[in-house]
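Peer 1: Whatever this is, show me its structure:
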Amino acid sequence: MASNPAQRTTRAAVAATAVALFVGTQPLAAADPVPPNASDALKRYNELSTQAETLNEEHLRAQEELANAQGALDQANRDIAGAQQAQEALRGQVDLLTEASFQGARFSQLSALLVSDSQQDFLNRMSALGVLAYDNAESLRGLEEAVVKAEDAARRATEATDSANRAIGEIDQRKAALNQQIDEARDAYRSLSPADRRALNDAGDMGPIPVPAGKAGEALAFALSQRGKDYVYGSNGPDTWDCSSLMQAAYRSAGIAIPRTTYGQAKIGRSVTRNEVKAGDLVIYYSGQTHVAMAIDGLRAVHASTEGVPVKVQDIESIGPISVIRRVVG
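Peer 2: Residues are numbered from 1 along each chain as shown. This is a model prediction of the structure:
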């Protein structure tokens, strides 16, 4: 292809998604770290920071879907290469059979009878005639199938490339919106009073918390070990986190791979009710499913809240309205 479809498609499948996500931003994303009697400035900071986390998770989702689009394009290109190789091999086989038929292998039942020296020779010639006809028919069928596969793969690659081109501008827009929102939130943080900053920076319970045996307990132990570390939008650790990267790293430490975004994490494992919550469950918050915490027990959860707030333990209900609870193992 004239241009590199792999690079162009990366932005591909995300195109339609990017538009929808960018337009449909949810107003709340992060957990609410602000007490009811907070100052107006602190409330404003929380509003801006939660909006920034929503954009952050949506941008991460776009990148994730972009990677999926890249995978689809790569597969289409592999299919094209395989089909083209098959075509070349089968064309060669058909050409050989055709050439053989014109150079002596071409004979009818009558000619086979006329040139045969014996009955056995005739049977041998008839058998060769049947094999040649069968091989030629099979090669032609294979060649037709290879051509169809190549055409289908080329169509898929073209669609993926077109989609990628449409997505480029949308992803750039999403990133620009995220950066602007983060800047506003950080400006608001810098304007807070020392008392407001102390309220945000409170790491809460830093004491030992027992965890159950098993993979969920291992993941929880990791998440708890990160208490006190800072939140940074889009961070993947190990010194700073956002809400979904902390959950992903926690389960990775237990040998379990989970998606990077809150949206992906809201679909893994199995759903459990609020009354069934136990250690290691992922609690997804807000109607837009834009924040996630890990349950410690039926009352508490550990999470990375938002910038200016360290990873900490909070009451499950105080973090925000629960959308869904997912059990990753068990």
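
Peer 1: Give me the contacts around the strand or helix carrying residue 302.
Peer 2: According to DSSP states H and E, residue 302 maps onto strand 300-303. Applying CB atoms under 8 Å, 6 or more residues apart in numbering, the external contacts of strand 300-303 come out as 31, 220, 223-224, 226-227, 243, 246, 283, 291-296, 311-316, 319. Bear in mind the C-beta positions are built from the backbone N, C-alpha and C, glycine included.

Peer 1: quick one: which of the residues you listed sit in strands?
Peer 2: Counting by DSSP state E, the contacts of strand 300-303 place 283, 291-295, 312-315 in strands.

Peer 1: I would like a ChimeraX command selecting only the buried ones among those residues, please.
Peer 2: This is the ChimeraX syntax for the buried subset of those, where burial follows 16 or more other CB atoms under 10 Å:
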select :283,291,292,293,294,295,312,313,314
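
Peer 1: Lowest mean pLDDT among the helices and strands of this protein, which one is it?
Peer 2: Across the helices and strands of the chain, mean pLDDT, DSSP states H and E gives its lowest value to helix 14-23, namely a mean of 33.

Peer 1: Might you report the residue contacts of residue 230?
Peer 2: By CB under 8 Å, 6+ apart, residue 230 lies in contact with 239-241, 307, 310-311.

Peer 1: Return the two entries of those that lie farthest from one another.
Peer 2: The span of the contacts of residue 230, defined through CB to CB, is set by 239 and 307 at 14.0 Å.

Peer 1: which of these two has more neighbours?
Peer 2: residue 307 (24 against 9; other CB atoms under 10 Å).

Peer 1: Was I right to think the more buried one contacts residue 232?
Peer 2: Yes. Using CB atoms under 8 Å, residue 307 is in contact with residue 232, at 6.5 Å.

Peer 1: what about the stretch 101-250 of the chain, any weak spots by pLDDT?
Peer 2: For the stretch 101-250 of the chain, the stretches flagged by pLDDT under 70 are 101-144, 146-147, 161-170.

Peer 1: If we use 80, what do you get?
Peer 2: 101-174 (pLDDT under 80).

Peer 1: how about the strands in the stretch 151-300 of the chain?
Peer 2: 230-231, 240-241, 270-271, 282-285, 291-295, 300-303 (DSSP state E, counting those that start in this stretch).

Peer 1: which helices and strands does the longest one pack with?
Peer 2: Contacts of strand 291-295 with other secondary structure elements, assessed using 3 or more CB pairs under 8 Å, 6 or more residues apart in numbering; DSSP states H and E, are made with helix 215-225, helix 243-253, helix 262-265, strand 282-285, strand 300-303, helix 316-319.

Peer 1: who does the very next helix or strand once past the last one pair up with?
Peer 2: Using DSSP H and E, the helix or strand that follows helix 316-319 towards the C-terminus is strand 322-327. Using DSSP bridges, the strands paired with strand 322-327 in its sheet are strand 270-271 (antiparallel), strand 282-285 (antiparallel).

Peer 1: Deepest in the core, which of these is it.
Peer 2: strand 282-285 (a mean of 26; mean count of other CB atoms under 10 Å).

Peer 1: Pull the residues that contact that strand.
Peer 2: Contact partners of strand 282-285, identified using CB under 8 Å, 6+ apart, comprise 31, 247, 262, 265-266, 268-269, 277, 291-295, 301, 316, 319-328.

Peer 1: and what of stretch 251-264?
Peer 2: 57, 60-61, 64, 215-216, 218-219, 222, 243-245, 247-248, 265, 267-268, 284, 289-292, 328-329.

Peer 1: change it to 6 Å
Peer 2: Stretch 251-264 is contacted by residues 57, 60-61, 64, 215, 218-219, 222, 244, 248, 265, 268, 289-290, 292 when judged by CB atoms under 6 Å, 6 or more residues apart in numbering.

Peer 1: What's the ChimeraX syntax to select whichever of those are buried?
Peer 2: A single ChimeraX command selects the buried members of the contacts of stretch 251-264 (16+ other CB under 10 Å):
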select :57,60,61,64,215,218,219,222,244,248,265,289,290,292
